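Colleague: need a 3D model of the following:
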Amino acid sequence: MTNLAIAANGLRKSYGDKTVLDGIDLSIPAGSVFALLGPNGAGKTTAVKILSTLITADGGQAQVAGHDLAAEAHAVRAAIGVTGQFSAVDGLITGEENMLLMADLHHLPKSEGQRVTAELLERFDLVEAAKKPASTYSGGMKRRLDIAMTLVGSPRIIFLDEPTTGLDPRSRHNMWQIIRELVTGGVTVFLTTQYLEEADELADRIAVLSDGKIAAQGTADELKRIVPGGHVRLRFTDPAAYQSAASALREGTRDDEALSLQIPSDGSQRALRSLLDQLDAAGIEADELTVHTPDLDDVFFALTGSTTVPAQPNQPKEAVR
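Modeller: Residues are numbered from 1 along each chain as shown. Below you'll find the model as predicted:
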């Protein structure tokens, strides 16, 4: 427990007869990025609100930053920062004034608040815009200011609820770099996102939430391996080599026109070594070997039964070796 930033057991939450969270368990190591995925309405934001003390759970227990969520809510709030789906930035005042206001809310002495504000504005590349009204900021700038405001209190754990929704690709990648830097500095990040690419890129561990329950959790690679459909495709230019390979690898699916074989495989190093050993033993050399492994799209669809395409750029599923 001492190495866990968040430990939850059996968290439940209902609104009327609608069960939003149905007994979820979470174990999130300190200094890591944890991503919670799920369709809209799956309960991601509800989980964040419970763990950040904004609402209370109907059942279950949790510790956040080593403090009991129910009995030590004040201590939990002192250890965390929260950036929601919608910016908390006040557009009527400047970026610097937003930061100083947050410092006042944290009861920092004036000189300390000014020092922290200056450091964070520089860290998030907002110095030039600091004296301008926040309403003039771009979406990416507002998001950076939002996170900078969250860091005023030096939280050990940050909840980022869909932090890149609505950002252009460049701003999204900039935000990813900020998140990586936070973790390098020892902060734990609890991330909810609509973008599967984002979870794949950032998260040390991922949980998929469906119908109020954790359908699966693990590293991105572990989740990809639980979905069937992985294979290795061998292509040949020599028809004789192709026929020899087809005879030696009878489990493969043939494509006589393309001179290719599709071999079921999880894409692991062990599986690839075994396949290459079989080819070497038969004296066969393929002209091209392509590994196809399921990606997080496949995992998402398989575990949630969602028919809605996640909002993300298309990702290639094949790697030619």
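
Colleague: and the contacts of stretch 76-84?
Modeller: 48, 52-54, 64-65, 67, 69, 146-147, 150-151, 153, 155-161, 163 (CB atoms under 8 Å, 6 or more residues apart in numbering). (Glycine included, C-beta is placed from N, CA and C.)

Colleague: please enumerate the helices of the stretch 1-150 of the chain.
Modeller: With DSSP state H, counting those that start in this stretch as the criterion, the stretch 1-150 of the chain has helices at 44-51, 73-79, 95-105, 110-123, 139-150.

Colleague: residues in contact with the residue nearest to residue 132 when sequence neighbours are not counted?
Modeller: Using CB to CB, 6 or more residues apart in numbering and skipping the chain neighbours, the partner closest in space to residue 132 is residue 94 (6.0 Å). Neighbouring residues of residue 94 by CB under 8 Å, 6+ apart: 130, 131, 132, 133, 134.

Colleague: on that earlier part again, in strands, which of the contacts of stretch 76-84 fall?
Modeller: Secondary structure from DSSP state E places 64, 67, 157, 158, 159, 160, 161 of the contacts of stretch 76-84 in strands.

Colleague: contact partners for the second one?
Modeller: The contact partners of residue 67, taken as CB under 8 Å, 6+ apart, are 75, 76, 79.

Colleague: what's the ChimeraX line that selects buried ones from the residues you listed?
Modeller: Typed into ChimeraX, the line below selects the buried ones among the contacts of residue 67, using 16 or more other CB atoms under 10 Å:
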select :75,76,79
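
Colleague: distance of the residue nearest to the spatial centre of the chain from residue 44?
Modeller: Closest residue to the average C-alpha location of the chain: residue 199 at 2.7 Å, with CA atoms, centre = their mean. Distance of residue 199 to residue 44, computed by CB to CB, to the nearest Å: 12 Å.

Colleague: any shared contact partners between those two?
Modeller: Joint contacts of residue 199 and residue 44 (CB under 8 Å, 6+ apart) are residue 37.

Colleague: if we can go back for a sec, go through the ones in strands among the contacts of stretch 76-84 and say which is closest to residue 224.
Modeller: residue 160 (23.2 Å; CB to CB).

Colleague: ok, that closest one to residue 68 distance?
Modeller: 23 Å.

Colleague: partners of residue 80 in the sheet?
Modeller: Taking DSSP bridges as the rule, residue 80 bridges to residue 157.

Colleague: now do the same for it: its pLDDT.
Modeller: Note on residue 80: pLDDT of 95.

Colleague: I'd like to know how far it sits from residue 231.
Modeller: 44 Å.

Colleague: neighbour count for those two, which is higher?
Modeller: residue 80 (24 against 19; other CB atoms under 10 Å).

Colleague: distance of the more buried one relative to residue 107?
Modeller: Applying CB to CB to residue 80 and residue 107 gives a distance of 16 Å.
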